[in-house]
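# Fold the following for me, if possible:
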Amino acid sequence: MKIRVGVFFGGKSVEHEVSVISGLQAYNSFDKEKYEPIAIYITKENELYTGECIADIGNYKNIPELLKKGIRVFLMCNDGKVQLIRYPQKKFGDSGEQPSACKSHILRWHLPRKEAFRLQLWQPCCTPCRSWPC
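Presented below is the predicted three-dimensional model:
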């Protein structure tokens with residue numbers, strides 16, 4: 001079984017572009033036989049996006065177009081695990097169809113408590129987890 005690793009990059013920093021480049025280099029350096037890296041882009045507005053297109057450096061030439069292709073997510077703590085949940089979530093009783101790229105796109109990985117605390121720095125304001133860190 002592969003270890004799932006979230007690679008966060010981007011953010012509000014003046015080093016945003018450098019973070020994207022070095023984050024994608026780190027993402028691409030993982031041994032894919034042992035690990036399942038997940039690229040997670042943080043916009044300058046602190047929104048989180050993931051998906052195959054997020055891991056391709058060539059897509060960062062046009063960020064608005066990239067964000068249309070990507071899957072917006074947020075972090076949530078549940079039973080000691082950190083999850084990436086697609087945003088917006090389907091509302092109760094809503095029968096509207098989600099875009100196919102977003103269906104059932106829940107990514108899970110376990111992080112030690114110390115690592116989960118470090119992720120607090122990346123917590124977007126829409127995260128519903130009230131007991132952060134978990």
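
# List the contacts of residue 67.
Neighbouring residues of residue 67 by C-beta atoms under 8 Å, 6 or more residues apart in numbering: 43, 47, 49. For the C-beta atoms, the positions are set from N, CA and C on the backbone; glycine is no exception.

# from those, which ones fall inside strands?
residue 49 (DSSP state E).

# In a markdown table: the contacts of residue 67, plus neighbour count and pLDDT.
Listed next are these as a markdown table, based on neighbours: other C-beta atoms under 10 Å; pLDDT from 0 to 100:
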| residue | neighbour count | pLDDT |
| --- | --- | --- |
| 43 | 18 | 96 |
| 47 | 18 | 95 |
| 49 | 21 | 96 |
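
# I'd like to know which of the contacts of residue 67 is nearest to residue 3.
Among the contacts of residue 67, residue 49 lies closest to residue 3 (C-beta to C-beta), at 22.2 Å.

# show me the residues around the closest one that make contact.
Residue 49 makes contact with 40, 41, 43, 66, 67, 70, 71, 72, 73 under the criterion C-beta under 8 Å, 6+ apart.

# Would you confirm that residue 82 contacts residue 75?
Yes. Counting by C-beta atoms under 8 Å, residue 82 does reach residue 75; the two are 6.0 Å apart.

# Which positions in the longest helix belonging to the chain come out as buried?
When the chain is scanned for its longest helix (criterion: DSSP state H), the result is helix 16-29. Buried residues in helix 16-29, counted by 16 or more other C-beta atoms under 10 Å: 19, 20, 23, 24, 27.

# Just give me the closest of the residues you listed to residue 11.
Of the buried residues of helix 16-29, the one sitting nearest to residue 11 (C-beta to C-beta) turns out to be residue 19, at 6.2 Å.

# is it possible to export the buried residues of helix 16-29 to TSV including distance to residue 56?
Shown next, in TSV, are those (distance: C-beta to C-beta, whole Å):
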residue	distance to residue 56
19	16
20	11
23	13
24	8
27	10
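
# Reformat those as CSV; add pLDDT and distance to residue 61.
Putting these into CSV (pLDDT from 0 to 100; distance: C-beta to C-beta, whole Å) gives the following:
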residue, pLDDT, distance to residue 61
19, 95, 17
20, 96, 11
23, 95, 16
24, 96, 13
27, 95, 18
